[in-house]
Structures are given as structure tokens and as C-alpha cells.
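Q: my questions concern the predicted model and sequence given below.
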Amino acid sequence: MSDETAYTLATSTVGSKTRLVFAIVRIDEFMPPETPIENRISVKKIVDTVDQAELEIERLNKLQGSGVRYLYQATRMEAATSQREAQSAAEGGEAPTVEATPTSLSIDDLVAAKKLVGQVGSIEKVREALAAMARLS
């Protein structure tokens, strides 16, 4: 990722109750294609900076043999809700809200997306990974 892209990601407005983080994603390509995608993709951990993410995927990809690949994906982390808010939501009260600023794709977003597709190999795999991650959240 370019320095300009990293700076844009790091300084983007994500709302007062969210922060930008980077998910380290593992893709098990050795599994048969009929294996459900949620069994082939997992989030290993979350890191705070794009530099940490790049170093970690480089390290992990060097350790792994063929058939396992690591990549990172920028995402948002919601602030923890208070125990009182969680209790109220559990009892049927109003759920806590998280304010997030709507975003649109910038050229940096497109560059990052292109890099992600290059890391994974196809846009279809990226779509599958994003759909699996959405089901998990």
C-alpha cells in the first residue's frame, strides 16, 4: 500500500464511536472448492495500523506452505457499549447506536481494492470473503 493510501486510511473520518483497524485474514485454498467459504476463511487477528498489517501478512505468508494465504482488510471497530446499554438492549429496550460517517470510494480505495484482488487472485474470491465476514458479524 502506498504511503498516501495509508495516510488517507489512517486519517479518514470514521465516526465518534468507531475506529479504523485492519483484519488479518487467512484463506485456506487447499480445501476443496465445495467446502463452505466460512470454513475456508478466518480472521486471525485485528491490528491497529496498516504497517502492522503489512508486516504480519508478510511474516505469515513466509511461514506458510502452499495452499494458505494471508491478506489484510481495512474495517471499522465499534466502541464497546456500556453494560447498561447492553442490558437495556437485551431486555427489549432501544439498542445502542453507533454513529459512522458514510463513505464513498476514493481513488485510494480503488487502489487498495485492486491490491486486494491481486492478493486473493480474483474478484469472486474477494466477494466470497466479504460475504463470509458479513455473515460472521
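A: That came in fine, so what should we check first?

Q: just name the shakiest helix or strand of this structure by mean pLDDT.
A: Using mean pLDDT, DSSP states H and E, helix 3-11 stands out as the lowest-scoring helix or strand of the chain, at a mean of 50.

Q: any low-confidence regions in this structure?
A: The chain contains residues with pLDDT under 70 at 1-16, 80-111, 137.

Q: quick one, strands of the protein?
A: Along the chain, the segments classed as strands by DSSP state E run 18-28, 41-47, 68-78.

Q: adjacent strands (with direction) for the first one?
A: When you say that, I think you mean strand 18-28. According to DSSP bridges, strand 18-28 forms sheet pairs with strand 41-47 (antiparallel), strand 68-78 (antiparallel).

Q: go through that strand and flag the buried ones.
A: Residues of strand 18-28 classed as buried: 18, 20-27 (neighbour count, 16 or more other C-beta atoms under 10 Å). Where you see a C-beta, it was placed from the backbone N, CA and C, and this is true even at glycine.

Q: how much space separates the nearest residue to Gly67 once chain neighbours are set aside from Arg40?
A: Nearest residue to Gly67, sequence neighbours excluded (C-beta to C-beta, 6 or more residues apart in numbering): Phe30, at 3.0 Å. Applying C-beta to C-beta, to the nearest Å, the value for Phe30 to Arg40 is 9 Å.
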